[in-house]
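>>> sharing a model prediction with you, sequence too.
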Amino acid sequence: MNPHRSRVAAVFGTRQGSGYLLGPRLVLTAAHVVGEKDTAEAVVFGGVGEVLCDVVWRRKDDACDAALLVARAPVVPDDVSDRFAPLRWGELIRLDTQENCQAIGFPLVQRDERGNLDSEQLTGRVKPGSSILGGRYVLESSGTPPQPTADRSPWSGLSGAGLFCRGALIGVVVTAPTGWHNGRVEAVPVRVIADDPGFREVLGRHCGADVAVKALDELSDREREDHEFELRYRRYVAHRYGQVETLGHGSGLGRIVWPLDTAFLALELAETAPRRGPGRSAVDVATGKRVQAALHGRSRVLLQGAAGSGKTTLMHWLAVRTAQGDLPSELSQLQGRVPIVVPLRALACSRAIPQVEQLLGELQYPAADVQPVGWLTRLLDQGRGLLLVDGIDEVQHDQRPRVRSWLEGLLSLYPDTAVVATSRPSAVPDDWLAGYNFTAFSVLPMSPADVGTFIDRWFTALRESRDWGRYRDRAERYRRTLRAALDTKASLTEMAANPRLCTLICALWLERRGYLPEDPMSLHREALGLLLGQRDFQRGIAHLEGISMGQEPQGHLLDNLALWMTLNGETEIARSYASHILEGVSLPPLQGLGAEHAEQVLSHLLIRSGVLRETASGTIAFEHSTLRDFFASHALVDGGHFGFLVNHAHDAQYEDVVRMAIGHCGPGESDQLLLALVERGDREPEYRTRVHLLATASLEYTARVDPEIRMEVLRRAEALVPPCDDAAADVLAEGGVAVLDLLPGPDGLTVEEARAVVLTACKIGGPDAAAFLERFQGHADPAVRDRVRWGRNRTGWAPGDAANGSA
């Protein structure tokens, strides 16, 4: 017989639960089982039946969910209680998985057809590395999880059961987390309960004994120091990256802060130029999957996506969930690891990447000076590191090999390290880290359903902003009208598929009372008008920093800062040098700014514009690379630097700069720049495809193009049609919406070409892509039809919708 069987109790308070006998009259259970009641009933195996108990202690907060009951009469006969072995209280210090652990209680899944209770012995492994910051032990079932019930967890009723490891009581079961297919339960560690002064006082009063919680796995002094530092670092990561800010101080809506769990959408990822393996069909390797499914089982990932596509938010989500030990089951390969977020733009990689032990200090971790000597090296040696390398494209082109060498050296030295790296498309090839088992994924545009969810969450986050009262009366109305507008305006739908642009759309729709421009450049101009203080003037607070500047002079100053960063391949600038640049502006009334006045102007831009920010290291950066690219492209066009734009068009770091520059061009200038891009591609086979597709993608940024120039651009893209395979489809999709008019088929295409053509349209997305896909819905090849179905699901399109004009 299980030695704990006669000490397992069923507890009936405000809900049915379980408990564990600490003595003949003492029952330990979960606080939420008894609720606010002062009494509860308990019944024990081999006991005397139901006995009324008084609730003498309870604690229900984020750290603890436990209650102590004292029975008004013994719940088991004396001959049973006399056989009770002394109870050991234990805790786990290491993160080593503990096998053969158990909890016994009365879950809902064990009720029979007549509603009678029976017990369940849940056995499995305790994973101390899971739910670390939540302060819970996780018991992962070793058996087949029960089927879910309609309204609550099948484990409901197990709350209050004792969790045992190596024969010691280590926790009290309190919840069955969602997202794990009913395969795990969580418990409050008894260390938390035993350290509560109220519990110790009540326990001593009723049984005359104290509690001694002993570690089941002792640590050396160095291991304990490492463990304590790791917990401190995990809490920092969870707090540092646990929120997402949008819009900024200078916008009409002020600063909106989203909790990361609210802001994060599990977007779709598609394997880039996948190599088909045994048992993997064409549709398996090419169509998109949600983040959790796409990354399942993968420890080395190169994530590619356009500016504002959600790459950094995904990296922060991985960092927070890994730090908390709260990853979904699909990402169990990352469980127990420690995330190290490495934003390359903050490391000034053009100069040097720090050695491992200096990394936390360079990343501005506030407690880096108390890091135990060799901590990070030991962590990587143990194979517990997760390196999140963000922004390869933000490193100068000629310095990216240095980043690659750093990663290759680190992975050679610490081969069990997991890595997720991000970049814009084309900044590095898919096989950039060949030989190190990286899989490349592209971040797909949001589907219409995802856009709708994003809008709903944005308006929910607005409720927590400081200006909610100003928008309360119309916010819900405009949320509904914006969602409705997406069903009728194709151009709006295409822009909203990018999370960054969708944020601007939400803000402008509300602020402009339902009016929006319908092209990307106009959208950015309107948004920057909002950010650069129009609202400050309307609200009469334009002089708060002692300076009053309209949009044009602020834009001119920002042009100068962005131009310096772009020409020098930097993403940040020293504050002192930023002031020096502002001193040299030549636009009245800013001409001849003195050093003191220039610093005052810079402070104004940092505080009021919502465009600039000061980093932890004291440098100045733009809030988002898109904003920097917008101002830099304007400055380059204004200064006639077309040669610079053409000469750097092959580098992904400058792709958005080139596209936006074409949008800034005046009559005739856009023709000049587009033609120069075409001619460079013609001259240089090495960069031909990339430069010609960049010119094609830039067409949607301007309407001022000579028809003959437009045809020259499209002829170059047409030379890439039809794509011969999935890899060619990935490349061709970078040409954007204009490519859709060039795609052929289905007649005259081979099966492989038809698959690639459909994949191109799916990755471009939008209503026009939906109309194109309709042509392939009856194709003879199953993989083509599967891809069409995937594209249809992503666009929210059903056959005939596009033709009927619903797009």
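Structure received.
>>> report the buried residues of the lengthiest helix in the chain.
Scanning the chain for the helix with the most residues, using DSSP state H, yields helix 221-240. With burial defined by 16 or more other Cβ atoms under 10 Å, the residues of helix 221-240 counted as buried are 226, 229, 230, 233, 234, 237, 238, 240. For every residue, glycine as well, the C-beta is placed using N, CA and C.
>>> ok, then the element right after that helix?
strand 243-246 (DSSP states H and E).
>>> that next one pairs with which strands?
According to DSSP bridges, strand 243-246 has the following sheet partners: strand 256-259 (antiparallel).
>>> need the contact partners of the partner strand.
Here strand 256-259 makes contact (Cβ atoms under 8 Å, 6 or more residues apart in numbering) with 242, 243, 244, 245, 246, 247, 457, 458, 461, 462, 464, 465.
>>> scan the protein for its longest strand.
In the chain, taking DSSP state E as the definition, the longest strand is strand 51-60.
>>> so what secondary structure elements neighbour it?
Here strand 51-60 touches helix 31-34, strand 39-44, strand 65-71, helix 197-207, going by 3 or more Cβ pairs under 8 Å, 6 or more residues apart in numbering; DSSP states H and E.
>>> number of nearby residues for residue 686?
8 (other Cβ atoms under 10 Å).
>>> how near is it to residue 734?
17 Å (Cβ to Cβ, to the nearest Å).
>>> the helices and strands packed on strand 51-60 into JSON lines, with extra columns for mean neighbour count and distance to residue 562?
Shown next, in JSON lines, are these (neighbours: other Cβ atoms under 10 Å; distance: least, Cβ to Cβ, whole Å):
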{"stretch": "helix 31-34", "mean neighbour count": "24", "distance to residue 562": "54"}
{"stretch": "strand 39-44", "mean neighbour count": "20", "distance to residue 562": "66"}
{"stretch": "strand 65-71", "mean neighbour count": "26", "distance to residue 562": "52"}
{"stretch": "helix 197-207", "mean neighbour count": "15", "distance to residue 562": "58"}
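>>> parallel or antiparallel, list what pairs with the host helix or strand of residue 125.
Assigned by DSSP H and E, residue 125 belongs to strand 120-126. Strand pairing for strand 120-126, determined by DSSP bridges: strand 98-105 (antiparallel), strand 137-141 (antiparallel).
>>> which residues touch it?
2, 92, 97-107, 109-110, 137-143, 155, 158, 163, 165, 170, 184-185.
>>> run through the residues that contact residue 421.
Residue 421 neighbours (Cβ under 8 Å, 6+ apart): 301, 302, 303, 388, 389, 390, 392, 407, 433, 438.
>>> please repeat the previous calculation with a cut-off of 6 Å.
Applying Cβ atoms under 6 Å, 6 or more residues apart in numbering, we find residue 421 in contact with 302, 389.
>>> now do residue 725
residue 756.
>>> the least confident helix or strand in the chain by mean pLDDT: what's the following helix or strand?
In the chain, no helix or strand scores lower on mean pLDDT, DSSP states H and E than helix 535-539, which sits at a mean of 41. Going down the chain from helix 535-539, the next helix or strand is helix 551-567, by DSSP H and E.
>>> show me which positions of stretch 134-143 end up buried.
For stretch 134-143, by 16+ other Cβ under 10 Å, it's 134, 136, 137, 138, 139, 140, 141.
>>> centre of the chain to that stretch, how far?
24 Å (Cα atoms, centre = their mean, to the nearest Å).
>>> what's the span of that stretch, first residue to last?
With Cα to Cα, to the nearest Å as the measure, stretch 134-143 spans 25 Å from end to end.
>>> tell me the mean pLDDT over that stretch?
Averaged over stretch 134-143, pLDDT sits at 88.
>>> stretch 500-516 too?
82.
>>> in the stretch 351-500 of the chain, which ranges drop under the pLDDT threshold?
The stretch 351-500 of the chain contains residues with pLDDT under 70 at 351-352, 466-467, 490-491.
>>> do you have the helices of the stretch 501-650 of the chain handy? List them.
Here the stretch 501-650 of the chain has its helices, by DSSP state H, counting those that start in this stretch, at 520-529, 535-539, 551-567, 575-583, 595-608, 625-638, 642-647.
>>> about what we covered before: and which of the contacts of strand 256-259 is nearest to residue 370?
Using Cβ to Cβ, the shortest approach to residue 370 within these belongs to residue 242, at 22.3 Å.
>>> gap between that closest one and residue 133?
Taking Cβ to Cβ, one finds residue 242 at 10 Å from residue 133.
>>> kindly report the same for residue 364.
Residue 364 is 21 Å from residue 133, by Cβ to Cβ.
>>> cool, and residue 210?
29 Å.
>>> out of the two, which sits in the busier spot?
More crowded of residue 210 and residue 133, by other Cβ under 10 Å: residue 133, with 16 against 9.
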